[in-house]
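K.L.:
sequence plus predicted model, see below.
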Amino acid sequence: MQHLLWVIEAVSLLGIIFSNFSMSQGLFPYPYDGKIKVGQQHALLEGKGSQNLGWFFDRELAKTFFLQKTPVSDFEMASQGAPWPLIYGFSVKRPLVQGFELFYLTTPSKLVDKAQGHDWEMARVLRTPSRVLKNATLYRDVVVKAFEEGSILSFSWHTSNPFYDKDMYKASAILYQLEHLIWRSSDDTSAQRAYDEYHRQLDILVDFFISLKNSEGALPFIFRPFHEHNGSWFWWTIASKTNHKQREIQYKNLWRYTIHYIRSQAQKKKNPLKMYVAYSPDKADLTDYPNHPPHYGLDGWITSSQEYKFIKHRYMKGYPGDNYVDILGMDLYSQDPKQISELMCFLDHLRIEKKSKQAIALTEMGNIQSSLRKGKGADYFDMLYRTFNKNSCTHHLSYILFWRNSGTSLDKAEEHFVPLSNSGHDVKNSFARFLELPMMKTL
């Protein structure tokens with residue numbers, strides 16, 4: 001059976017692997033330089049900032065804040081510490097890595113127009129009645145401005161399910177065959193619609209990525225598709241209870257096809273991209289060890305080859321291959337210092353084993369903050385301070401990206417991943433102290 005699956009995978013990739021250029025961009029343009037670059041998803045797009053309001057809900061506000069001098073974000077406000085920066089000696093810091101989202105551009109208008117919620121409101125800002133704004137002009141201007149001010153650009157893509165047009169994610173998507181997004185079926189109308197919808201989304205990405213340029217040419221950026229595929233919450237999951245091997249092959253083929261399509265279409269339009277692709281499973285079950293001491297143990301270190309192989313086996317499920325990945329990442333939401341330390345050590349060991357030019361990174365991280373609950377956030381950032389300070393495995397991380405501060409009112413306070421301007425002094429001081437670690441690099 002295993003040999004049959006290998007044959008299926010090999011045959012299915014014939015139209016992908018024979019290309020005139022490499023699917024990997026090569027050396028990541030921001031290699032490890034002795035510092036870990038620190039950033040946040042939507043640092044300048046969401047949160048409350050110094051004006052205590054949501055940045056991106058109003059088009060005129062967006063223009064006012066983003067296209068003038070640099071706005072003050074939650075990240076900047078919290079990095080000063082509290083109550084006054086001069087007392088503690090913390091300096092104002094801006095995120096060096098800025099995460100942006102492609103969902104706002106590619107989700108079908110009929111979903112965006114009907115749905116309720118914060119993400120949908122942000123998506124509506126970027127649209128005309130007929131389709132996504134041409135090259136998403138406002139969004140593009142925000143992104144280019146961030147780059148020109150020194151930020152590294154990273155794009156996540158919470159793409160809507162092409163097989164299902166009534167919700168963003170559909171649990172039953174596991175029943176759909178991902179190969180229908182690669183080859184257009186000749187007799188299945190629902191599969192044909194899914195193929196057409198997926199390619200509509202891909203064409204939007206191509207046009208948007210091509211638009212990311214300034215007077216010096218194309219901008220380098222990170223593209224992070226199909227993340228957390230080892231979890232069960234996205235339609236591209238491989239966490240199937242049945243036909244797991246087939247699902248994994250389909251996932252890898254979809255990844256390779258997607259990267260090939262984007263690069264080749266940009267090439268055809270004579271706009272080659274400086275796109276660096278990140279692979280980012282969730283921590284999920286990576287440290288769900290069997291009860292077999294002494295080979296395994298959640299002690300903060302990789303203490304045996306068996307332990308390393310156990311994590312690697314799970315981490316690499318769905319891995320599309322070195323030719324399609326420039327950054328070996330992980331989405332690591334945890335409050336357990338031993339788990340965080342152990343998984344960072346795993347990434348460092350993987351980097352050493354592969355002897356490649358691939359970077360390693362924590363592509364999402366954080367602990368949900370409460371702006372009004374004293375101590376909760378402080379405990380998390382104090383833990384990070386101790387973990388990063390004592391563990392040499394962190395020393396080769398290229399970057400870490402805290403997740404976003406979403407919402408515009410206190411009822412969304414539980415969705416903040418860095419402190420707000422009205423967070424407790426202890427929380428802001430612990431965050432600022434973490435950023436002051438000598439290994440951390442911000443703007």
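P.N.:
Perfect, thanks for sending it.
K.L.:
OK, contacts around Pro162?
P.N.:
The contact partners of Pro162, by Cβ atoms under 8 Å, 6 or more residues apart in numbering, come to Leu181, Arg193, Ala194, Tyr195, Glu197, Tyr198, Gln201. (Each C-beta comes from the backbone N, C-alpha and C, glycine too.)
K.L.:
hmm, I was thinking of Gln98
P.N.:
So Gln98 contacts Gly39, Gln40, His42, Ala43, Leu44, Ala146, Ser151, Ile152, Leu153, Ser154 (Cβ under 8 Å, 6+ apart).
K.L.:
count residues in the vicinity of the fifth one, would you?
P.N.:
Spelled out, that is Leu44. For Leu44, the neighbour count with other Cβ atoms under 10 Å is 27.
K.L.:
my read: it touches Ser73, true?
P.N.:
Yes. Between Leu44 and Ser73 there is a contact at 5.2 Å, judged by Cβ atoms under 8 Å.
K.L.:
how about the strands in the stretch 301-443 of the chain?
P.N.:
When secondary structure is read from DSSP state E, counting those that start in this stretch, the stretch 301-443 of the chain shows strands at 327-332, 359-365, 397-402, 440-441.
K.L.:
switch these over to CSV; also include distance to Asp188.
P.N.:
Output for the strands of the stretch 301-443 of the chain, formatted as CSV (distance: least, Cβ to Cβ, whole Å):
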stretch, distance to Asp188
strand 327-332, 33
strand 359-365, 35
strand 397-402, 39
strand 440-441, 50
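K.L.:
which of the contacts of Gln98 fall in strands?
P.N.:
Counted as lying in strands by DSSP state E, out of those, are Gly39, Gln40, Ile152, Leu153, Ser154.
K.L.:
and the residues you listed, which two are the farthest apart?
P.N.:
Farthest-apart pair in the ones in strands among the contacts of Gln98 is Gln40 and Leu153; separation 12.8 Å (Cβ to Cβ).
K.L.:
between those two, which is the more surrounded one?
P.N.:
Each of Gln40 and Leu153 has its neighbours counted (other Cβ under 10 Å); Gln40 has more, 28 against 20.
K.L.:
how far away is the more buried one from Val97?
P.N.:
To Val97, Gln40 is 8 Å away according to Cβ to Cβ, to the nearest Å.
K.L.:
likewise Phe155?
P.N.:
As judged by Cβ to Cβ, Phe155 and Val97 stand 11 Å apart.
K.L.:
out of those two, which sits in the busier spot?
P.N.:
Shown here are Phe155 and Val97; by other Cβ under 10 Å, Val97 has more neighbours (28 against 22).
K.L.:
contacts only, for that one.
P.N.:
With Cβ under 8 Å, 6+ apart, Val97 has these contacts: Lys37, Val38, Gly39, Gln40, Ser151, Ile152, Ser154, Tyr399, Ile400, Leu401.
K.L.:
switch the cut-off to 7 Å
P.N.:
Counting by Cβ atoms under 7 Å, 6 or more residues apart in numbering, Val97 touches Lys37, Val38, Gly39, Ser151, Ile152, Ser154, Tyr399, Leu401.
K.L.:
show the pLDDT at the second one.
P.N.:
So that's Val38. Val38 carries a pLDDT value of 98.
K.L.:
what does the last one give?
P.N.:
In this model, Leu401 is scored at 98, pLDDT.
K.L.:
other SSEs contacting the helix or strand containing Tyr198?
P.N.:
Using DSSP states H and E, Tyr198 maps to helix 189-211. Using 3 or more Cβ pairs under 7 Å, 6 or more residues apart in numbering; DSSP states H and E as the contact criterion, the elements in contact with helix 189-211 are helix 103-106, helix 244-268.
K.L.:
please save the CA atoms from it in CSV.
P.N.:
Taking C-alpha atoms only, helix 189-211 is exported to CSV below (Å, rounded to 0.1, in the frame of the first residue of the first chain):
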residue,chain,number,x,y,z
THR,A,189,-19.8,20.4,-11.2
SER,A,190,-19.1,21.1,-7.5
ALA,A,191,-15.4,20.2,-8.0
GLN,A,192,-15.3,22.4,-11.1
ARG,A,193,-16.7,25.3,-9.0
ALA,A,194,-14.1,24.7,-6.3
TYR,A,195,-11.3,24.7,-8.9
ASP,A,196,-12.5,27.9,-10.5
GLU,A,197,-12.9,29.6,-7.1
TYR,A,198,-9.4,28.5,-5.9
HIS,A,199,-7.8,29.9,-9.1
ARG,A,200,-9.8,33.1,-8.7
GLN,A,201,-8.1,33.5,-5.3
LEU,A,202,-4.7,32.5,-6.6
ASP,A,203,-4.9,35.1,-9.4
ILE,A,204,-5.7,37.8,-6.8
LEU,A,205,-2.6,36.8,-4.9
VAL,A,206,-0.5,36.9,-8.0
ASP,A,207,-1.6,40.4,-8.8
PHE,A,208,-1.2,41.6,-5.3
PHE,A,209,2.2,40.1,-4.8
ILE,A,210,3.3,41.7,-8.1
SER,A,211,2.2,45.1,-6.8
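K.L.:
right, and the helix or strand after it?
P.N.:
On the C-terminal side of helix 189-211, the closest following helix or strand by DSSP H and E is strand 213-214.
K.L.:
most remote residue from the middle of this protein, which is it?
P.N.:
What lies farthest from the middle of the chain is Asp187; by Cα atoms, centre = their mean that is 35.9 Å.
K.L.:
mind telling me what element that one is part of?
P.N.:
Counting by DSSP H and E, Asp187 is found in no helix or strand.
K.L.:
buried set for the helix holding Tyr198?
P.N.:
Under the neighbour-count criterion of 16 or more other Cβ atoms under 10 Å, helix 189-211 has 191, 194-195, 197-198, 201-202, 204-211 buried.
K.L.:
from those, which is closest to Phe103?
P.N.:
Nearest to Phe103 among the buried residues of helix 189-211, with distances taken as Cβ to Cβ, is Gln201, at 9.8 Å.
K.L.:
which non-adjacent residue is nearest the closest one?
P.N.:
Of all residues not flanking Gln201 in the chain, Thr106 sits nearest, at 4.0 Å (Cβ to Cβ, 6 or more residues apart in numbering).
K.L.:
where does pLDDT dip in the protein?
P.N.:
1-22, 48-71, 84-88, 118, 121, 125-136, 166-175, 241-242, 369-377, 407-414 (pLDDT under 70).
K.L.:
contact partners for the residue nearest to the spatial centre of it?
P.N.:
Centroid-nearest residue in the chain: Ser156, 4.4 Å away (criterion: Cα atoms, centre = their mean). Under the criterion of Cβ under 7 Å, 6+ apart, the neighbours of Ser156 are Gly99, Glu101, Leu102, Arg224, His227.
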